[in-house]
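Q: generate coordinates for the sequence data below:
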Amino acid sequence: MGPLHGIRVIELSGLAPVPFAGMMLADLGADVVRIDSGTRYAPPAGPLDRGKSCVEVNLKDPAGLDLVRELAAKADVFLEGFRPGVAERLGVGPVDLCAANPRLIYGRLTGWGQDGPLAPRVGHDINYIALAGVLDIVGRHGERPVAPANLIADFAGGGLFLASGVMGALFERERSGIGQVIDAAMIDGASLLMAFIHGLHDVQLWNPERGTNMLDGGAAYYDTYQTADGRFVAVGAVEPEFFATLTDVLGLDDAHLDFQLDPNSWPQWRQVLADKFREKTRDEWAEIFADVDACVSPVLTPWEAPDHPHHIARNSFIDVGGVRQPAPAPRFSRTPAKTPRGLDILSTDEARGRW
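A: Got it, this is the predicted structure:
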């Protein structure tokens, strides 16, 4: 039934980060009812809908507002992703809902947070990670920063942190008996994801110039290499023993090369490795390194990944409504995540009687 079985969640429709948090809670067994208020700012139908029920509600209609408040009075969690002040103007802010349900956990997700000089401003993933210091470290040395899709702020720093906050608040409520408001900001989450990098910089193990460090593509042993068919392999042979295995499998004579961890040797090593990997196709290299501990992997497209034997063995991808997608994570030994289903459309009466 999932570890969150019995938890009732209301999710106001909106952009992808809040639906992602709702999807995670639904995967873990929560009963998630999405309120579709007709906003044009909503992701297309797909995996973020799974495991949820949905009811169309006009929040500007008193009858629709009454329905949301009625459901919230019985809910455990309420999720919204409006800009600061919008939920209050609609009459579904935390003061409105928590007064009638003191146990309610009210999760708010914005880009900049509920306060601060940028709170009322618009933004997207690229803006949040720019101010968090994340974007500056993504890219090749001497080149401009590269946006890593919208994975860092929207999903990791936003939706994932909102879901984590909800579960923390649920745990605390078992002791206090009351809910609380969660201010989840994508810029805060993206900043927190940089904790390790800040630590490396503090002990002078991270250079300010992007693309010159061990983990950002600067090191020859932690990079991607093009293969004979124009595809790529990823090399992460950080530890000396793995790097020794890598050079051994590749048949390289490293006597003329400097020590692996010396940055002065990286350009020379990169050229040697690049020349070698261009001799075979990606899949040929994947077969060669399949059973070798050298930290070499084929770079798969998102559409190839589900067919990899490791994913197949672990059932890491599932089919929901004809759409192939990642399975719920993490995995629980005693209360496994429920098998996701497609979106269930509810009438107003069905929504009212659900809880």
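
Q: contact partners for the closest residue to residue 17 other than its chain neighbours?
A: Spatial nearest neighbour of residue 17, excluding adjacent residues (CB to CB, 6 or more residues apart in numbering): residue 158 at 3.7 Å. All C-beta spots, glycine's among them, are computed from the backbone N, C-alpha and C. Shown in contact with residue 158 (CB atoms under 8 Å, 6 or more residues apart in numbering): 17, 20-21, 109, 111, 184, 186, 189.

Q: out of these, the closest to residue 284 would be?
A: The shortest approach to residue 284 among the contacts of residue 158 belongs to residue 20, at 36.9 Å (CB to CB).

Q: rewinding a little: what's the closest of the contacts of residue 158 to residue 1?
A: residue 21 (20.0 Å).

Q: for residue 46, see how far away the residue lying closest to residue 326 once chain neighbours are set aside is.
A: For residue 326, the nearest residue in space outside its immediate sequence neighbours is residue 317; the separation is 6.0 Å by CB to CB, 6+ apart. As for residue 317, its distance to residue 46 is 14 Å (criterion: CB to CB, to the nearest Å).

Q: surely residue 278 meets residue 228?
A: Yes - judged on CB atoms under 8 Å, residue 278 makes contact with residue 228 at a distance of 5.7 Å.

Q: for the stretch 151-300 of the chain, what spans make up the strands?
A: Under the criterion DSSP state E, counting those that start in this stretch, the stretch 151-300 of the chain contains strands at 181-185, 222-226, 232-236, 296-298.

Q: ok, and what's touching the shortest one?
A: Strand 296-298 is contacted from outside by 231-237, 246, 282-283, 285-286, 289, using CB under 8 Å, 6+ apart.

Q: helix, strand or coil for residue 48?
A: helix (DSSP: H, G, I helix; E, B strand; the rest coil).

Q: from what I can see it touches residue 18, true?
A: No - between residue 48 and residue 18 there is no contact under CB under 8 Å: 9.2 Å.

Q: so those two - more neighbours on which side?
A: The neighbour comparison of residue 48 against residue 18 (other CB atoms under 10 Å) goes to residue 18, with 30 against 25.

Q: A strand includes that one, no?
A: No - judged by three-state DSSP, residue 18 forms no part of a strand; its state is helix.

Q: quick one: contacts for it?
A: Per CB under 8 Å, 6+ apart, neighbours of residue 18: 11-12, 79-81, 109, 159, 162.

Q: all helices of the stretch 51-200 of the chain, in order?
A: Here the stretch 51-200 of the chain has its helices, by DSSP state H, counting those that start in this stretch, at 62-72, 86-90, 94-98, 125-132, 161-176, 186-192, 195-202.

Q: nearest to residue 345 among those would be which one?
A: Evaluated with CB to CB, the helices of the stretch 51-200 of the chain place helix 62-72 nearest to residue 345, the distance being 15.2 Å.

Q: CA atoms only for that closest one, dumped as CSV, please.
A: Extracted in CSV, the C-alpha atoms of helix 62-72 (Å, rounded to 0.1, in the frame of the first residue of the first chain):
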residue,chain,number,x,y,z
PRO,A,62,-17.9,30.4,-4.5
ALA,A,63,-19.1,26.9,-5.0
GLY,A,64,-15.7,25.8,-6.2
LEU,A,65,-14.0,27.5,-3.4
ASP,A,66,-16.3,25.8,-0.9
LEU,A,67,-15.4,22.4,-2.4
VAL,A,68,-11.7,23.1,-2.0
ARG,A,69,-12.1,24.2,1.6
GLU,A,70,-14.3,21.2,2.4
LEU,A,71,-11.7,18.8,1.0
ALA,A,72,-8.9,20.7,2.8
